[in-house]
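J.: Show me how the following folds:
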Amino acid sequence: MKSTDSMQNPEERELKKFPLLPLRDIVVYPGMVVPLFIGRSSSASALEAAMSSGRLIFLAAQRNSQTEEPLPEDIYSAGTLCQVIQLLRLPNGNVKVLVEGKSRGLIHEFEFNGEYYSVDVIVHQDSDDGPSAEVTSLMAEAYAQFSTYHAETKNSLSPDIVTGIAKINEPDLLVDSMAAHLNPKLEDKQAILANFNVKERLETLISILLCETEVHQLDQKIKERVKKKMEKNHKEYYLNEQLKIIHKELGKKDEHAEEYKELEVRIASKKLSPEANSKALAELKKLKMMSPVSAEAAVIRNYIDTILDLPWSTVSRTSRDIIFAAKVMDEDHYGLDKVKTRILEHLAVQTQVRKLKGPILCLVGPPGVGKTSLARSIARATSRKFVKMSLGGVRDEAEIRGHRRTYIGAMPGKILMNLKKAGVSNPLFLLDEIDKLSSDFRGDPASALLEVLDPEQNSRFNDHFLDIDYDLSRVMFLATANSVHNIPRPLIDRMEIIRLEGYSDSEKLNIAMHYLVPKQLKETGLSSRQLDISDEAILKLINCYTREPGVRGLERQISALCRKVVHAKVKGERWSHRIDPDDVATLLGPEKFSEERVRPATIAGVVNGLAWTEAGGDILQIEVSVVPGKGKLIITGKLGEVMNESAQAAMTYVRSRSEILDIEKDYFQNVDIHIHVPEGAIPKDGPSAGVTMATALISAIISRPVDSTLAMTGEISLQGRVLPIGGLKEKLMAAVRSGVKTVIIPEKNAKDLKEIGQEILEKLEIVPVGDMDTLLSSALNIGFVHPSRTVKSGTLPEPAGIVTH
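T.: Now for the predicted structure:
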């Protein structure tokens, strides 16, 4: 078999045959005398052959030292022709041989005779010509780098060897002598041997020397850093031990030992879970073995303190008296009978099962209706400690589950932190503004809350910092939200929604007289004898200075009245001891809202719609204008996608009724219709304006105005059906505030009227309708006549006639 390697600048020489001795992890250079130990039978046979034919043998390195019986492709083709100087057979059957390198050679062909390989070799002889100037310069550089390498590595070479190498003038011998005393990788050694050009060989040697020196310097730097760190740790340990002995001799107590003993006592006395107890003891054992001033010791100490500060088995005695609970909630809140009943039912069940089980209650309602204060009342009614966690803007999962201890500044999540603050494991825990949760690249807090709010899982809540299961099943969780639309569906499934509607004027009046006014009088240092606010003045505040579903703004206005009176009293001025409606404008300035928001409609195409917002109900005046054009439908007012679709559906319904409404066929191709909702800077969306838009369109087209004291709400279908809507109570209260007398609602919402206060229904005429034909009859005095007729198969029915009355 012929070798596949090529010789660099080979000289044409005749082939000579020699026995082959493969070497493991060693390269023999010309001029070297090397002892070898032979164990393979094939290698011993090759040696026997060499001893019987001139003692010459060819040595070549194996590519992989693990190969036991190398094949030709496993052997480098460049090697060294050597002479056997001495051969010694050892008792164990191995052979020790001493060889001397003579010349470089390149294997041309392999031949196997059954026992060993013989090779045809091209033998390379070094040039007898003197070195050139460039080679001489390279020799000097090579020696300089070799000296640097020797000084850096401090290897076992004697100074005599280094001096002897310096006296070599032949470049071939110089390179081989230096390479023989280096310890680079086998591939680098082989690269020097395989290069037959002395100049290139010197350059390769210099490159290897530079690389080896740099690697050794880096290695020394790393060792120095490790050594310094170890010395510092040993020094600290030694000094700490000496300090302990000194304190002992002086009769002083070891502060850290006392701390560790105190921690042991706390762990033993604290009723921890088995997992927490074993974890705390393991961390304390680790802490004792550390230097007290190390950073890791501070982390472990903080972890142990967190475990011990948590209320694992500490509970407060709770009240299960639902009569007392009902009394407390009535003292703190007016009305809300449905909500109070549901909460009392929840507490009654707990008195029977003696365990918190079932869905988490979520109080949903607009701002200012008393969700948070109701949660405080429940805590007082059940004699539980109250803790609150605001979730508004929380976007990091670690706020719920905590940080892992691998992070700098890691701490537990807000769930455990609040329990630690409460000091008991059974408080009332309020998750405020749960609909304001966010998520980003740091995780999804809503998903982390699933484990907290699931009664089947929260008995094994695992905080990332604690990394121990903690039982949350004794905690009474309550949540609040302004809207359920922003709460993830899996989270809603774990909660029971209890809706708190907005207050009516009479409810606000009672709340103000029984709760808000006494509270503000107390906070401003006044008594009921010094200041009396009449019912009429409170109603004026409700209707002309606030426009809200709750009472937060009303409380601010009452506070402003009290401050005005206190200011006048402190200045020594005279003030009125009774505030009537006429005094309100004097003290608070002009009215912020007018009691009558709707204006008489003298132009066709203006219809009052009712809308629901997170702040309560509101009136929307839909305006439609028809102008000459090319059939465009223009929609303005910053309407959302759903409201735009309602406008499209209303337009399609009107066009489908064009024949019945006596509208010409090409009417819509010759006009542009513009639908606008005023207050264009405010975003608006929702499906309940569909019937209002359809009515406004027909009003504008047939030039017939709608009564300004009429309002309507409902979603429209393409066939003219009026579909049900939500937020009916808020919408009806908005209608009352705005002076509306008649309200048209979807027929399927008539059942919701039972839950609306009588004081609202007495002020309105409610007209339930199931389709647009009935609605138009009430709003525009249009009646549709549907004659009895037979429709043949494959034909369309004749259009019904239109009757006005």
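
J.: contacts, neighbours, all on C-alpha from now
T.: Noted.

J.: who's in contact with Asn418?
T.: Counting by CA atoms under 8 Å, 6 or more residues apart in numbering, Asn418 touches 387-389.

J.: In a helix, it, correct?
T.: Yes - inclusion of Asn418 in a helix is indicated when DSSP: H, G, I helix; E, B strand; the rest coil is applied.

J.: From Leu428, how far off is it?
T.: Per CA to CA, to the nearest Å, Asn418 is found 11 Å from Leu428.

J.: who touches both of those two?
T.: Taking CA under 8 Å, 6+ apart as the contact rule, Asn418 and Leu428 both touch Val387.

J.: on that earlier part again, please list only the buried members of the contacts of Asn418.
T.: Members of the contacts of Asn418 that pass the buried threshold by neighbour count (16 or more other CA atoms under 10 Å) are listed as 387-388.

J.: Inside helices: which ones of the contacts of Asn418?
T.: Within the contacts of Asn418, no residue falls in helices by DSSP state H.

J.: any idea which of the contacts of Asn418 is closest to Glu536?
T.: Of all these, the one with the least separation from Glu536 (CA to CA) is Lys388, at 37.2 Å.

J.: my read: Cys637 touches Asn644, true?
T.: No Cys there; residue 637 is Gly. No - counting by CA atoms under 8 Å, Gly637 stays clear of Asn644, with 10.3 Å between them.

J.: which one of these two has more residues nearby?
T.: Asn644 (21 against 16; other CA atoms under 10 Å).

J.: Report pLDDT for that one.
T.: On the pLDDT scale, Asn644 is placed at 88.

J.: Which strand or helix spans it?
T.: For Asn644, the element it lies in under DSSP states H and E is helix 641-656.

J.: Of all the residues in that helix, which ones are buried?
T.: In helix 641-656, the ones that count as buried by 16+ other CA under 10 Å are 642-644, 646-655.

J.: Output the contacting helices and strands for that helix.
T.: helix 690-702, strand 715-716 (3 or more CA pairs under 8 Å, 6 or more residues apart in numbering; DSSP states H and E).

J.: Repeat the analysis, applying 10 Å as the threshold.
T.: With contacts defined as 3 or more CA pairs under 10 Å, 6 or more residues apart in numbering; DSSP states H and E, the secondary structure elements packing on helix 641-656 are strand 633-636, strand 671-676, helix 690-702, strand 715-716.

J.: Output these in JSON lines, with distance to Arg89 and mean neighbour count appended to each entry.
T.: Putting the helices and strands packed on helix 641-656 into JSON lines (distance: least, CA to CA, whole Å; neighbours: other CA atoms under 10 Å) gives the following:
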{"stretch": "strand 633-636", "distance to Arg89": "107", "mean neighbour count": "14"}
{"stretch": "strand 671-676", "distance to Arg89": "111", "mean neighbour count": "19"}
{"stretch": "helix 690-702", "distance to Arg89": "109", "mean neighbour count": "26"}
{"stretch": "strand 715-716", "distance to Arg89": "107", "mean neighbour count": "25"}
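
J.: and Arg320, which of these is closest to it?
T.: That would be strand 715-716 among the helices and strands packed on helix 641-656, by CA to CA, at 45.7 Å.

J.: partners of the closest one in the sheet?
T.: Partners of strand 715-716 in the sheet, by DSSP bridges, are strand 722-723 (antiparallel).

J.: shouldn't Ser625 be in contact with Lys632?
T.: No - applying CA atoms under 10 Å, one finds Ser625 not in contact with Lys632, separated by 11.9 Å.

J.: Mind checking which of these two has more residues around it?
T.: Neighbours around Ser625 and Lys632, counted as other CA under 10 Å, are more numerous at Ser625. The numbers are 19 against 14.

J.: any idea how far Glu397 is from Ile487?
T.: For Glu397, the distance to Ile487 equals 16 Å [CA to CA].

J.: more crowded one of those two?
T.: Neighbour tally, Glu397 and Ile487, criterion other CA under 10 Å: the higher count belongs to Glu397, 22 against 17.

J.: can you pull the contacts of the more buried one?
T.: Contacts of Glu397 were listed using CA atoms under 10 Å, 6 or more residues apart in numbering, and they are 403, 413, 438-449.

J.: With distance to Thr318, pLDDT and secondary structure as added columns, please give these in CSV.
T.: Supplementary listing: those in CSV, determined by distance: CA to CA, whole Å; pLDDT from 0 to 100; DSSP: H, G, I helix; E, B strand; the rest coil:
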residue, distance to Thr318, pLDDT, secondary structure
His403, 32, 85, coil
Gly413, 26, 86, coil
Ser438, 34, 78, coil
Ser439, 36, 74, coil
Asp440, 39, 70, strand
Phe441, 41, 68, coil
Arg442, 38, 69, coil
Gly443, 36, 72, strand
Asp444, 34, 80, coil
Pro445, 30, 83, helix
Ala446, 29, 82, helix
Ser447, 30, 81, helix
Ala448, 28, 82, helix
Leu449, 25, 85, helix
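
J.: Neighbour-wise, which one of those residues leads?
T.: Neighbours here mean other CA under 10 Å. Within the contacts of Glu397, the largest count is held by Ala446, at 24 neighbours.

J.: my guess is that residue contacts Asp440, does it?
T.: No - with contacts counted by CA under 10 Å, Ala446 stays clear of Asp440, the gap being 11.3 Å.

J.: residues shared between the contacts of the two?
T.: The overlap between the contact sets of Ala446 and Asp440 (CA under 10 Å, 6+ apart) consists of 394-397.

J.: Quick one, which of those residues are buried?
T.: Buried positions within those, assessed by neighbour count (16+ other CA under 10 Å), are 394-397.

J.: could those residues go into JSON lines alongside distance to Gly686, secondary structure and pLDDT?
T.: As requested, those are exported to JSON lines (distance: CA to CA, whole Å; DSSP: H, G, I helix; E, B strand; the rest coil; pLDDT from 0 to 100):
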{"residue": "Val394", "distance to Gly686": "27", "secondary structure": "coil", "pLDDT": "82"}
{"residue": "Arg395", "distance to Gly686": "27", "secondary structure": "coil", "pLDDT": "79"}
{"residue": "Asp396", "distance to Gly686": "31", "secondary structure": "coil", "pLDDT": "81"}
{"residue": "Glu397", "distance to Gly686": "32", "secondary structure": "coil", "pLDDT": "81"}
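
J.: Next one: Tyr303, what pLDDT does it get?
T.: Model confidence at Tyr303, expressed as pLDDT, equals 88.
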